[in-house]
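> Coordinates only, no sequence provided:
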């Protein structure tokens, strides 16, 4: 019980933030923390890293998944829909891992692949930032993304992924 | 008395000429035969030398091929040696990890004992009572009551946190000999411009793939500090927003980063940051772990190329 009163270790901080430990190190460097600081994190530091990194809580708690016979497709449609609804379009980006935070690990893995595929196909766009990889719907692909979210279309890449 | 010399007869002269001609022809024929023999000998000698030349040229080609093979063998030996060494070192780190875990437990026990005997012992009891018996019922209290209780709890927490921080300042230390391990890195610059950085660590790939389930320890710290050094390098030398990708290779953690757009000094900066970060890491110092970054040829870190024709033949 006294553990709760101590600063968190690296893995504890990673769990608290919902990112992997190496992301925590990236954020720490971006925040300019001392290079030789211990791998211990106070709540204040965790909050700072959360803000700096644009780490959001899970998007999925109140999300209703669309009806779809394929659960993988269901999840991808919902993820793209969330990006649109939350206004993550064009230059208004979000951390890529915000999209799958809070989901079961298998869903996280699949969404990572699916979103990367959609980025390759121009529906989504990725941007590298010092605080992590960011994602948004490509502005000129918004109608396509909306159709995808509605289940009206799929891309070739997604079709291939669903069959694996 | 004068003696008249008889004039040579034409027949005799003609005979002489014919004889001279016959002698001359015989001599010339003999000379020709000799020259022809010599020519033939020389031609044979030339043919032999040509054969020797061809044989030497073939031997030279074989030597050149063997030379290229030596390079391939060197790369293969280097790759195997590096990964074998790192795998063995990861076992050493695993053993040190166990020692650090034990030292952590001793520290926790000492902390509990110290708090129990100190002036904050009553606060520890209050805190534990609150967590076990009061907190679960907080929601049932009216807002004003809940606010007061929570505020009191927070002030107790703050006092305990201060005291605990005093007892737990600094990293866990082990009573053991220093352990020295290597981490290897390479910067691939095939056209002279840095394109890719590869780091391989003497830690299991599970520190990344299984971080949620795995207890934090020395191997996680080594990997974390390597990532820190890499991102400090990007901060100093670019590329801006570079992403480090982690994966496993031969059971070990490998990290790759695209360096397109980085400064020309990135290899030097990376080496400097790796040395500095590992040297200064307090938790590694406490664990008596020394990590030495070593630059190796990039080919030593890349899986050997398979010969597709051999593979096809094997599959046939």
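The structure has been received and is ready for your questions. Fair warning: this is a prediction, and the values are worked out from it, not measured in the lab. Residues are numbered from 1 along each chain as shown, chains lettered A, B, ... in the order given.

> Any stretches of the stretch 101-250 of chain B with poor pLDDT?
Residues of the stretch 101-250 of chain B meeting the criterion pLDDT under 70: none.

> Around residue 138, how many other residues sit close by?
Just so you know, I chose chain A. Per other C-beta atoms under 10 Å in any protein chain shown, the neighbour tally for residue A:138 reads 18. All C-beta spots, glycine's among them, are computed from the backbone N, C-alpha and C.

> try chain B instead
When neighbours are counted by other C-beta under 10 Å, residue B:138 comes out with 13.

> pLDDT score for residue 11?
Chain wasn't specified; assuming chain A. Listed pLDDT for residue A:11 reads 95.

> Sorry, I should have been clearer: chain B.
89.

> Just the element for it, please.
helix B:10-116 (DSSP states H and E).

> Next: residue B:183.
strand B:179-188.

> Quick check: the residue of chain A nearest chain B.
Of all residues in chain A, the one sitting closest to chain B is residue A:128 (3.3 Å; C-beta to the nearest C-beta).

> Wait, a strand at that residue?
Yes: residue state for residue A:128 (DSSP: H, G, I helix; E, B strand; the rest coil) corresponds to a strand.

> That one is in contact with residue B:243, isn't it?
Yes: look at residue A:128 against residue B:243 with C-beta atoms under 8 Å: they come within range, at 5.6 Å.

> near chain B, which residues of chain A?
Residues of chain A lying near chain B by C-beta under 8 Å from any C-beta of the partner chain: A:1-2, A:4-7, A:9-12, A:14-15, A:20-22, A:24-26, A:28-30, A:35-36, A:38-39, A:105, A:127-130, A:133.

> what's the spacing between residue B:120 and chain A?
Counting by C-beta to the nearest C-beta, to the nearest Å, the gap from residue B:120 to chain A is 11 Å.

> Torsion angles phi and psi at the nearest residue to that residue once chain neighbours are set aside?
Excluding the flanking residues, the one nearest residue B:120 by C-beta to C-beta, 6 or more residues apart in numbering or on different chains is residue B:163, at 5.2 Å. Backbone torsions of residue B:163, given as degrees, to the nearest 10, read phi -70, psi -40.

> buried subset of the residues of chain A next to chain B?
A:5-7, A:9-12, A:14-15, A:20-22, A:24-26, A:28-30, A:35, A:38-39, A:129-130, A:133 (16 or more other C-beta atoms under 10 Å in any protein chain shown).

> Could you tell me which of those residues belong to helices?
If you go by DSSP state H, these have A:10-12, A:14-15, A:21-22, A:24-26, A:28-30 in helices.

> give the contact list for the residue of the stretch 151-300 of chain B found nearest chain A.
Closest to chain A within the stretch 151-300 of chain B is residue B:241: 3.3 Å, counting by C-beta to the nearest C-beta. By C-beta atoms under 8 Å, 6 or more residues apart in numbering or on different chains, the contact list for residue B:241 reads A:127, A:128, A:129, A:130, B:234.

> Quick one: neighbours of the last one, just the number.
By other C-beta under 10 Å, 28 other residues sit near residue B:234.

> can you give me phi and psi for it?
When read as degrees, to the nearest 10, the backbone of residue B:234 gives phi -60, psi -40.

> Excluding sequence neighbours, find me the nearest residue to it.
Nearest to residue B:234 is residue B:242, by C-beta to C-beta, 6+ apart, at 4.5 Å.

> Equivalent analysis for the first one, please.
Take residue A:127 and drop its neighbours on the chain: the residue closest to it by C-beta to C-beta, 6+ apart is residue A:134, 4.7 Å away.
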